[in-house]
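> pasting the structure only:
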């Protein structure tokens, strides 16, 4: 097996697509709890610093969301107190709380997704959809830093002959900025000719262009994809039959513990914990490798 | 069989008055290393571009070019793209994609190879060129030398039969250039690759070549072994500007005409010297006149780009006196260019101070500083050029016509005034940019690698301009990699290393004290004379020290 970020972009994308999608639709407290736990654990594993510092404003947000719901929703049967002759119900409080847990989970999952899905993997996925777009993006990604560098060079050069867009009268500033842009455009056009030559010289424009990437879909990718697909399938079936249904209004439905619900909980737990298991196995593997060597 | 055969090639650009290529007859054998040279505008680049069908310019063409016996036009697109590799001059502009690995695979993707073959070929080439350490980097993060190596490698993955290079090292520093040339030599020797190279920095390439072709005015004037080429050129015209560009040992040999054994390398040159000249360890060290008027003083300068970065400039200190011409040498990434920006007020140090004409930089208003005090000529002259004609470039900056006239006269660019700046050659563009900078009448002129990419003749012209400016009292500070230029024209030389100047001396003391970072002339004759640093000095000393018995 390999570490999480070494998996093929398609596998990573598929996993997060499934997990974030299910998290957004499930309001069942147990399933919410599992997803939240998984999101927190994974964040602690792969982006601990960012995660902990983001809690500062995410936790207050969670409480505010939990408080607001009972103030605007007065459904529910268990009335705790009256504010302005409006009932505040336990159901509304719990629903608001569940809602904010769900939102937080999604935010955490997205955080981990961003961490693992680096730009090159993302671009690769785009490339699968359209090779032309992929090449275009690659060319653009090359040009953007080049442009900024050149703007800096031009600005410095122009400053020393008195064309400084940061000082002087408004008219002078506009004129200086226009000069810089004009030089940049000439430079870009002039250099594009050479880049085009370099592309032509290497056979760009021939028929049957292929697309190369460093990503390889190997056995581990295959195994993980199969596991995700199976678990996703179980989740879909249980949703279809309503095994994971839970109502907050008019009052809470009971959480039954029988064969079907256990299947639902365990399969969802397995799906959510998959990346954590992968990371844990990775840690254990390295520890034993270190001991052996 | 010759791999490339050119017969009676003639070419005229559209609207060109006379042909740029005339009566070109040339055969290049498989596995040859051919160096093509000539002054700027002699048609060598145009000839090269005719060998690569995709790059052939539009115009009136006659004659034939055959590749492996087939007319170039009849080659299939696939063959034309892959079998003839072409490396251009500017390392930056040839790079197409954002990642090193993608750049390497770009050509193979175009040819439509499958992933497994691409993977294999890319791996092979990356290993050959030592690219594996920066294989996954962004192309923007590479140094100039790495970029040019990447360009070469991404051509080589296509497995070309002929490699054509148009001044590939002109934008590189000397160490990166040596590495690049060494790689070419390795490709030629180990893979039997045919190489056609246009170069004007001949010192290193010349001894490696199997054949040297010299062009002048669109014609091939000499075609033979390096030794033959050197002899031919002198016989054709003893004043030919190309002679200045030949390696030092040949130039010294040409001057004395003692025998027919032309030395090509420093090693051969120094043996040849021992053979013909007597040792003289007396040193003539002229004292440098001090004017005592401090123009620029830099005290304990520290700089870093970000708070958390390492310092780029660390405790830099030096002084410049009026009329000085200081050249700062040193490897890439040691902080030279940063230093220039600190001195010219484009960036602010976090410690230390820069004093210009007795006033610290902080106390200058920008408009005063850049008007008559400091001017900086950037490395890339096009960053200063914006108008439609050269004339406008000058007249938009000042209305003082006599000033413009005097500067145009100084730079000798009267004939360029009506042209578009982008139509000029690199050397001419630089002169125009220098002209713009000089319109501000700076008393301290800062130059960032002005000799980069210039041929020997253009360098001479630049040197004479700088000398005239110095005579008028301008102080010059220049960062350069050009050891020969610095030895010949500077009044002081400094070595920059690890964010500071580690030694500063007169050129003779500086270069005679260095062992590696010194001129070819010095390396060639240091066992005989201990004060010679330029080719002219060497010739002078040799003239006195000639052995009586000429063998």
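Arrived safely. Being a predicted model, the structure only gives us computed values, none of them experimental. Residues are numbered from 1 along each chain as shown, chains lettered A, B, ... in the order given.

> pLDDT value on whichever residue of the stretch 1-150 of chain B sits closest to chain A, please?
The stretch 1-150 of chain B approaches chain A most closely through residue B:81 (3.1 Å), counting by CB to the nearest CB. The C-beta positions use only the backbone N, C-alpha and C, and glycine is treated the same way. Turning to residue B:81, the model gives it a pLDDT of 91.

> pretty sure it belongs to a helix, no?
Yes: looking at residue B:81 with DSSP: H, G, I helix; E, B strand; the rest coil, it is inside a helix.

> now the closest residue in space to it that isn't next to it in sequence, what are its backbone angles?
Residue nearest to residue B:81 in three dimensions, not counting chain neighbours: residue A:203, with 3.1 Å by CB to CB, 6 or more residues apart in numbering or on different chains. Per-residue torsions, residue A:203: phi 80, psi 20 (degrees, to the nearest 10).

> can you report how many residues lie near residue A:203?
Close neighbours of residue A:203, defined as other CB atoms under 10 Å in any protein chain shown, add up to 23.

> and residue B:382, how far from residue B:485?
22 Å (CB to CB, to the nearest Å).

> residue A:84 now?
Distance of residue A:84 to residue B:485, given as CB to CB: 87 Å.

> name the next helix or strand downstream of the helix or strand containing residue B:213, please.
Assigned by DSSP states H and E, residue B:213 belongs to strand B:211-216. Later in the chain than strand B:211-216, the nearest helix or strand by DSSP H and E is strand B:219-224.

> give me the contact list for that next one.
Strand B:219-224 is contacted from outside by B:22-26, B:211-215, B:228-229, B:232-233, B:236, using CB atoms under 8 Å, 6 or more residues apart in numbering or on different chains.

> buried members of those residues into ChimeraX, please.
Here is the ChimeraX selection string for the buried members of the contacts of strand B:219-224, based on 16 or more other CB atoms under 10 Å in any protein chain shown:
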select /B:22,24,26,211,212,213,214,215,229,233
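
> and the contacts of strand B:219-224, which two are furthest apart?
Across the contacts of strand B:219-224, the two members that end up farthest from each other (CB to CB) are B:22 and B:228, 21.8 Å apart.

> nearest to chain B: which residue in chain A?
residue A:203 (3.1 Å).

> correct me, but that residue touches residue B:76?
No: using CB atoms under 8 Å, residue A:203 makes no contact with residue B:76, being 10.9 Å away.

> for residue B:298, what is the enclosing helix or strand?
Per DSSP H and E, residue B:298 falls inside strand B:294-303.

> and that strand, which strands flank it?
Its sheet considered, strand B:294-303 pairs with strand B:313-321 (antiparallel), strand B:351-356 (antiparallel) by DSSP bridges.

> what's in contact with it?
Under the criterion CB under 8 Å, 6+ apart, residues B:311-322, B:324, B:335, B:338-339, B:342-343, B:347, B:349-358, B:443-444, B:475, B:477 lie in contact with strand B:294-303.

> what do you get for stretch A:149-168?
With CB under 8 Å, 6+ apart as the test, stretch A:149-168 has contacts from A:173, A:175-177, A:179-180, A:183-184, A:187-188, B:140, B:341, B:344, B:346, B:366-367, B:370-371, B:374-376, B:378, B:380, B:383-384, B:397, B:436-437, B:439-440.

> measure residue A:151 to residue A:179 for me?
Residue A:151 is 12 Å from residue A:179, where distance means CB to CB.

> neighbour count winner among the two?
Ranked by neighbour count (other CB under 10 Å), residue A:151 and residue A:179 place residue A:179 first, with 20 against 16.

> what's around residue B:36, how many residues?
Residue B:36: 25 neighbours (other CB under 10 Å).

> also the one 5 residues further on?
The burial count assigned to residue B:41 is 15, neighbours taken as other CB under 10 Å.

> which residues sit in contact with it?
By CB under 8 Å, 6+ apart, the contact list for residue B:41 reads residue B:425.

> again, but for residue B:128
Neighbours of residue B:128 in contact, by CB under 8 Å, 6+ apart: B:153, B:156.

> quick check: it vs residue A:101, distance?
Distance from residue B:128 to residue A:101, by CB to CB: 56 Å.

> again, but for residue B:110
Distance from residue B:110 to residue A:101, by CB to CB: 52 Å.

> roughly how far out does the worst-scoring helix or strand of chain B on mean pLDDT sit from the chain middle?
Lowest on mean pLDDT, DSSP states H and E among the helices and strands of chain B sits helix B:366-369, with a mean of 81. Chain-centre distance of helix B:366-369: 33 Å, with CA atoms, centre = their mean, to the nearest Å.

> what's downstream of that helix, the next helix or strand?
strand B:374-377.

> now for whichever helix in chain B runs longest, which elements pack on it?
Of all the segments assigned as helix in chain B under DSSP state H, the longest by residue count is helix B:174-191. Here helix B:174-191 touches strand B:33-37, helix B:144-156, strand B:162-166, strand B:194-198, helix B:202-208, going by 3 or more CB pairs under 8 Å, 6 or more residues apart in numbering or on different chains; DSSP states H and E.

> buried residues in it?
B:174, B:176, B:177, B:179, B:180, B:181, B:183, B:184, B:185, B:187, B:188.

> do the same with stretch B:122-140
B:122, B:125, B:126, B:128, B:129, B:131, B:134, B:137, B:139, B:140.

> wait, is the first one part of a helix?
Just to be clear, that refers to residue B:122. Yes: assessed by three-state DSSP, residue B:122 belongs to a helix.

> secondary structure class for residue B:61?
strand.

> check which helix or strand the closest residue to it other than its chain neighbours maps to.
Spatial nearest neighbour of residue B:61, excluding adjacent residues (CB to CB, 6+ apart): residue B:11 at 5.0 Å. Element membership of residue B:11, judged by DSSP H and E, is strand B:2-12.

> enumerate the residues of the stretch 151-293 of chain A near chain B.
Where the stretch 151-293 of chain A comes near chain B, counting by CB under 8 Å from any CB of the partner chain, the residues are A:153-154, A:156-162, A:164, A:167-168, A:179, A:182-183, A:186-187, A:190-191, A:194-195, A:197-214.

> show me the shaky parts of chain B.
Applying pLDDT under 70 to chain B flags residues B:283-291, B:548-551.
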